Each structure stands twice: as structure tokens, then as C-alpha cells.
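**Q** need a structure here:
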Amino acid sequence: MRTTDVATEAHGEESGGLVFHPLDQFIVKPLFGDGPIHWYTPTNVTLWMFLAVVAVVLVFVVGGRGRAVIPSRMQSIGELIYGFTYKMVEDVAGKDAVKFFPYIITLFIFILFSNFLGLLPMSFATTSHIAVTAVLAAAVFLTVTIVGFVKNGAAFLGLFWVSSAPLALRPILAVIELISYFVRPVSHSIRLGGNIMAGHAVIKVFAGFAAIAAISPVSVLAISAIYGLEVLVAGIQAYVFTILTCVYLKDALHPSH
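**A** Numbers count the residues shown, from 1 in each chain. Modelled structure (predicted):
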């Protein structure tokens, strides 16, 4: 940050002006102490990722351990998510993709629970970090690529050869298809991380304006509306990430155009 920016902030704080930093909520901090962060350092990111895993275990393992004929609320939630994801995999990727259902539902519920936990007050939105979403997207990219070559061999390259196009255009289209294929993990990760980050930043901006008495009621109404929208976004982005995974898996299993 430049010296003039620091001076401006300091002047604003001293004069009682409105100063807030909507992106501070995304700073990765160690859980213990204030030292440097290494790959093994427990941080707020690892804490909330762990809590997401705990929430998943509570719903699917603890909540469904009885397998009651008349399910409890928690068992009903687990069964609803299970059935919804299974149908999505079967409808989008085909029946032969059902063998990958455990991996896909794991992705879906982890992202879903992480998104919803990130909406709690004083929480940390782990899926707002590209470092997290990039790992998830890279895992999907490597999985579908390996599956494509293992199942189809060299025929997997048919995914990039548009045989229905005129012969003169096929090499050009092949290059475009190849580039778009390698861009997939980038767009896959940025779409999720960008949407979650943007929503949380907007909420923080309106929360800063709530300190001004004159516009506080308007700010509170705006926060409530945006928060409701973010609840929808949390579910939709988990769904979008998962359904794109199913689409990529379908391409790997059936690569020919």
C-alpha cells in the first residue's frame, strides 16, 4: 500500500470517518500466534474446511446411522442430497458414470457445506479462495483426463477432432478445442471462487454503511436481501461445479463428437 493511502486511512480513522476493508475477511491467518504461514500451519482456512467435513459426517454418517423407515430430519436431508446427486450423475453423464458417483457426491457435499458454513457470522468462506477451488478443479481435470485415456486410449483424442466440420476447418477447430479443454480447470475454479468472494465482499460493504445512522435502515435491508441471494448462490455454485464435473466426465467416457 502506498504511503499516501496509509495517510488517508489514518486521517479517516482519526477524524471518525467511515473506513472499512471488505477484503480483510479473506485474509488467511494462523490459528495460533502471528508467525509466518507454512504448508503445515493450522489456519482459519483449515479450521473451516475441517468443520465442513465434520458437518458432512454429522449429516451422512451420524444422521443416517439408524436407516429408519421413517427418517429423521437429518436422515431426510442426507437422502435428499444423495438422490439428487445420483440422478444428476445418471442424467448428465450416463449410467456408466454411476461408478464415479462416490467421488462426485463427495465434491458436491463438501462444496455445498463449505459455502453454507461461510455464510455464518465470524466464519471463513473457504471456497472464496482460488487456492482451494483450484485444487478441486485440478483434481476433476486430472480425473477425467486419466479416465478418458484409460477407457478409450488414443481414441480419447477424438474429443478434439470435430469430424462433422468441413475438412479444412478441422485442424483449426482442433486447436480451439484443445485450448478450451486446458482452460477448463481455470474457469471451473474461478467461477466458484469469484462468485463466493464477490457476494461476501458486497455484504461487508453494506455492513460498513450500516454504521451511518441516516442510511442504516436501507443498509440493513440491503444486507438481508443480499444474504438471501447468497444462500441461493451457495447452493447454485455447488450445483454448477458438480454438473460441470458430470459434463466433463461424459466427455471422457464418450469422447467422439
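
**Q** where does the chain dip in pLDDT?
**A** Scanning the chain for pLDDT under 70 picks out 1-20, 213-214, 257.

**Q** show me where it has strands.
**A** Secondary structure of the chain (DSSP state E): no strands located.

**Q** Show me the longest helix that occurs in it.
**A** For the chain, the helix with the greatest residue count under DSSP state H is helix 170-209.

**Q** List the buried residues in it.
**A** Residues of helix 170-209 classed as buried: 170, 173-174, 181, 184-185, 188-189, 191-193, 195-197, 199-200, 202-204, 206-207, 209 (neighbour count, 16 or more other CB atoms under 10 Å). C-beta coordinates here come from the backbone N, C-alpha and C atoms, glycine included.

**Q** Run the chain-centre distance for that helix.
**A** Relative to its chain's centre, helix 170-209 lies at 10 Å (CA atoms, centre = their mean, to the nearest Å).

**Q** on contacts alone, who are the packing partners of it?
**A** Contacts defined by 3 or more CB pairs under 8 Å, 6 or more residues apart in numbering; DSSP states H and E place helix 170-209 against helix 130-152, helix 216-253.

**Q** now for the last one, which elements pack on it?
**A** Spelled out, it's helix 216-253. Counting contacts by 3+ CB pairs under 8 Å, 6+ apart, helix 216-253 packs against helix 73-93, helix 101-117, helix 130-152, helix 170-209.

**Q** For the residue most central in space within the chain, which residues are in contact?
**A** Nearest to the mean C-alpha position of the chain, by CA atoms, centre = their mean, lies Leu192 at 4.1 Å. Taking CB atoms under 8 Å, 6 or more residues apart in numbering, we find Leu192 in contact with Ile111, Thr127, Thr133, Leu136, Ala137, Gln237, Val240, Phe241.

**Q** which non-adjacent residue is nearest the first one?
**A** What it means is Ile111. Nearest non-adjacent residue to Ile111, counting by CB to CB, 6 or more residues apart in numbering: Ala238, 4.3 Å away.

**Q** How about Asp96?
**A** In space, Asp96 is closest to Leu253, 5.9 Å off (CB to CB, 6+ apart).

**Q** Can you verify my assumption that that neighbour contacts Lys99?
**A** No. Under the criterion of CB atoms under 8 Å, Leu253 is not in contact with Lys99, lying 10.1 Å apart.

**Q** okay, those two: which has more neighbours?
**A** Legend: neighbour count by other CB atoms under 10 Å for Leu253 and Lys99, higher for Leu253 (18 against 10).

**Q** Which residue lies closest in space to Val205, excluding its sequence neighbours?
**A** Pro22 (5.0 Å).

**Q** Quick check: the one you found vs Val202, distance?
**A** 8 Å (CB to CB, to the nearest Å).

**Q** repeat for Leu23
**A** Distance, Leu23 to Val202, by CB to CB: 12 Å.

**Q** before we move on, what about Ser256?
**A** 44 Å.

**Q** cool, Asp24 as well?
**A** Asp24 is 14 Å from Val202, where distance means CB to CB.

**Q** What of Phe110?
**A** On the measure of CB to CB, Phe110 and Val202 end up 24 Å apart.

**Q** Equivalent analysis for Pro121, please.
**A** For Pro121, the distance to Val202 - CB to CB - is 16 Å.

**Q** Ok, Lys250 next?
**A** Distance from Lys250 to Val202, counting by CB to CB: 35 Å.

**Q** One more: Thr127?
**A** Thr127 is 16 Å from Val202, where distance means CB to CB.

**Q** for Val186, same thing?
**A** Look at Val186 and Val202: by CB to CB, they are 24 Å apart.

**Q** again, but for Ala165
**A** Counting by CB to CB - Ala165 and Val202 are separated by 43 Å.
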